[in-house]
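Peer 1: Provided below for reference: sequence and predicted model.
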Amino acid sequence: MADARGLALRMAYTLTTALLVEHAAWGDEQAELAARLWARRWLRHEDIAADVHHHLDLLR
């Protein structure tokens with residue numbers, strides 16, 4: 001049971017990434033960037049602060 005929370009969060013992050021990727025497939029540049037950053041942060045556990053700062057104008 002202890003790993004259930006982690007598994008649920010991982011599934012939620014994966015589903016959110018899939019939703020963002022689907023939205024980006026319609027040609028939305030902002031959604032494409034958000035999908036890449038979201039996946040890197042929550043699925044690969046990377047630090048994305050520098051990239052977010054670099055693309056801040058597009059993400060607003």
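Peer 2: Thanks, I have it.
Peer 1: make it CA atoms for all contacts and neighbour counts henceforth
Peer 2: OK.
Peer 1: separation between the residue nearest the centre of the chain and L59?
Peer 2: The chain has W38 as the residue nearest its centroid, 1.5 Å off, counting by C-alpha atoms, centre = their mean. Counting by C-alpha to C-alpha, to the nearest Å, the separation of W38 from L59 is 12 Å.
Peer 1: same thing with D3?
Peer 2: Counting by C-alpha to C-alpha - D3 and L59 are separated by 33 Å.
Peer 1: neighbour-wise, which of those two wins?
Peer 2: L59 (13 against 7; other C-alpha atoms under 10 Å).
Peer 1: Next secondary structure element downstream of the longest helix along the chain?
Peer 2: In the chain, with assignment by DSSP state H, the single longest helix is helix 4-24. Downstream of helix 4-24, the first helix or strand assigned by DSSP states H and E is helix 29-38.
Peer 1: and the residue nearest to R10 when sequence neighbours are not counted, how many neighbours?
Peer 2: Using C-alpha to C-alpha, 6 or more residues apart in numbering and skipping the chain neighbours, the partner closest in space to R10 is L43 (7.4 Å). Neighbouring residues of L43 were enumerated by other C-alpha under 10 Å; the total is 14.
Peer 1: hang on, Q30 packs against L59?
Peer 2: Yes - here Q30 reaches L59: they are 6.1 Å apart, a contact under C-alpha atoms under 8 Å.
Peer 1: returning to what we had before: and the residue nearest to the centre of the chain, how far is that from D3?
Peer 2: To D3, W38 is 22 Å away according to C-alpha to C-alpha.
Peer 1: Also L33?
Peer 2: For L33, the distance to D3 - C-alpha to C-alpha - is 30 Å.
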